[in-house]
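# Prediction below, plus the sequence it came from.
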Amino acid sequence: MSGRARRGGKRAAAASSAVPDVLAPRLRVIFCGINPGFVSAAAAAHFANPRNDFWRLLAAAGFTPRLLSPEEQFEALRFGIGLTNAAFRTTQGSGDLRRRDFDRERLERLADELEPRALAFVGKEAYRGLFGERPELGAQLRTLGDVGLFVLPSTSPANAAVPYSERLRRFEALNEWLEPLERSAVRALVLDRRHRVLLVKFVDSVGQVWWATPGGGVAEGESSEQALRRELREELGLGEFELGPEVWTREHTFTWMGRILHVSEQIYLVRVEEHEPAPTIDLRAEGVHELRWWTLAELEAAEETLVPKRLPEFLRELLDQGPPEHPIDVGV
């Protein structure tokens with residue numbers, strides 16, 4: 001069966017769920033329960049059991065300005081909140097679910113297409129059913145692309161071992177965690193005499209890979225140039241170079257090592273005749289696993305994730321037309 005047919009089949013299964021998804025693009029958070037129970041299925045609403053604490057916790061933790069009822073679930077979108085389930089089959093209890101009930105591909109597609117800031121799993125079993133691993137409560141190192149993952153205690157009345165006060169503490173921690181940490185960064189588009197570009201390979205804790213221009217955060221008291229010279233010396237062993245103009249800018253919100261960051265980047269042009277990268281620090285501690293020169297043709301044919309995503313397009317424009325008069329926003 002083709003990938004398209006499989007995906008189509010899963011969309012059909014999703015459409016038959018007794019409880020509708022409450023979703024929209026670029027939400028602050030999407031809460032993911034495990035599956036509909038009989039009360040929720042009858043009401044066609046998430047967390048409809050009156051003994052379930054979910055809606056009360058949303059209001060008490062500051063996600064909503066007032067207590068919403070399950071019948072008002074689509075009002076949650078106004079506050080940047082979405083709702084879905086890890087499995088769509090209605091059961092009396094989550095223990096009746098089977099592995100085949102969980103659709104990880106659907107959740108990955110949802111994260112990629114809707115670009116929420118984070119997904120919050122209401123209960124460890126919702127997360128475990130999708131990823132096959134036992135999580136701790138709180139922020140996870142795993143991400144879905146740029147989307148952060150957070151695990152909350154179950155709000156079900158069956159989870160009597162966790163008192164309301166502890167559930168509220170976890171919901172409040174999520175609300176605080178969702179606010180990005182602001183960071184200024186500086187990077188270099190390093191080109192050699194053959195117009196190759198030097199990129200660094202990042203690998204996160206679950207094996208997601210992307211290639212980006214070298215550079216990093218601007219420390220307190222540093223100028224952009226000072227920060228860039230320090231970063232290129234540490235990452236590339238590049239100590240002597242003439243700093244060219246700022247050619248690109250980029251703003252991006254993403255999750256890295258369990259933190260949500262909003263990064264404003266300045267990207268400068270640096271030309272060298274040739275250079276063999278020789279890092280002066282342990283880059284593995286920063287998630288960097290390789291440094292490599294790329295030709296434009298290799299970038300245009302690359303299947304790996306590039307940062308920015310349209311790097312080949314903007315690089316070709318720069319090589320054809322020279323540095324822009326003003327820095328260009330290259331997006332994510």
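On my side now, so go ahead.

# Contact partners for R187?
Neighbour list for R187: A212, T213, P214, G215, G216, L228, E231, E265, Q266, I267, Y268 [criterion: CB atoms under 8 Å, 6 or more residues apart in numbering]. Placement of C-beta: from N, CA and C, glycine included.

# Reformat those into a markdown table and put secondary structure and neighbour count next to each item.
A markdown table is the format used below for the contacts of R187 (DSSP: H, G, I helix; E, B strand; the rest coil; neighbours: other CB atoms under 10 Å):
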| residue | secondary structure | neighbour count |
| --- | --- | --- |
| A212 | strand | 17 |
| T213 | coil | 22 |
| P214 | coil | 24 |
| G215 | strand | 25 |
| G216 | strand | 20 |
| L228 | helix | 25 |
| E231 | helix | 20 |
| E265 | strand | 23 |
| Q266 | strand | 21 |
| I267 | strand | 23 |
| Y268 | strand | 23 |
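
# Report pLDDT for R4.
Among the per-residue scores, R4 shows a pLDDT of 29.

# Pull the contacting residues for Y127.
Taking CB under 8 Å, 6+ apart as the definition of contact, the neighbours of Y127 are A86, F121, E133, P135, Q140, L149, V151.

# do that again at 10 Å, thanks
Neighbour list for Y127: 32, 34, 86, 119-121, 133-135, 137, 140, 142, 149-152 [criterion: CB atoms under 10 Å, 6 or more residues apart in numbering].

# Please check the residues you listed and keep the buried ones.
Buried subset of the contacts of Y127 (neighbour count, 16 or more other CB atoms under 10 Å): 32, 34, 86, 119-121, 135, 137, 140, 142, 149-152.

# Check these and tell me the two furthest apart.
Of all pairs drawn from the buried ones among the contacts of Y127, the widest gap by CB to CB lies between I34 and R142 and measures 17.7 Å.

# now the residue sitting furthest away from the middle of the chain: how far from S184?
For the chain, the residue at maximal distance from the C-alpha centroid (CA atoms, centre = their mean) is E273, at 36.7 Å. As defined by CB to CB, to the nearest Å, E273 lies at a distance of 30 Å from S184.

# do the same with F241
F241 sits at a distance of 21 Å from S184 (criterion: CB to CB).

# so G33 makes contact with P70?
No - because the distance of 11.9 Å does not satisfy CB atoms under 10 Å, G33 is recorded as not touching P70.

# which neighbours do the two share?
When CB under 10 Å, 6+ apart defines a contact, the residues bordering G33 and P70 alike are V19, S40, H46, F47, N52, F54, L83.

# returning to what we had before: helix or strand for the spatially closest residue to the residue farthest from the centre of the chain that is not a sequence neighbour, which one?
Nearest residue to E273, sequence neighbours excluded (CB to CB, 6 or more residues apart in numbering): R193, at 5.1 Å. With secondary structure defined by DSSP states H and E, R193 is part of neither a helix nor a strand.

# Let me see the contact set for E222.
With contacts defined as CB under 10 Å, 6+ apart, the neighbours of E222 are S184, V186, L228, R229, R230.

# So which of those sit within strands?
In this view, these that belong to strands under DSSP state E are S184, V186.

# The contacts of E222: which two are farthest apart?
For the contacts of E222, the maximum inter-member distance is 15.6 Å, found between S184 and R229 (CB to CB).

# Show me which of the two is the more surrounded one.
Under the neighbour definition other CB atoms under 10 Å, S184 and R229 were set side by side, and R229 has more, 20 against 15.

# That one contacts F241, correct?
Yes - between R229 and F241 there is a contact at 8.1 Å, judged by CB under 10 Å.

# Overlap in contacts, these two.
Between them, R229 and F241 share the contacting residues A188, V270, judged by CB under 10 Å, 6+ apart.

# pLDDT at G207, what is it?
G207 is assigned a pLDDT of 88 by the prediction.

# just the helices in the stretch 151-300 of the chain please.
Taking DSSP state H, counting those that start in this stretch to define them, one finds helices in the stretch 151-300 of the chain at 164-177, 224-236, 296-301.

# Just put these in a markdown table and tack on distance to L261 and mean pLDDT.
Formatted as a markdown table, the entries for the helices of the stretch 151-300 of the chain read as follows, by distance: least, CB to CB, whole Å; pLDDT from 0 to 100:
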| stretch | distance to L261 | mean pLDDT |
| --- | --- | --- |
| helix 164-177 | 12 | 98 |
| helix 224-236 | 16 | 97 |
| helix 296-301 | 25 | 98 |
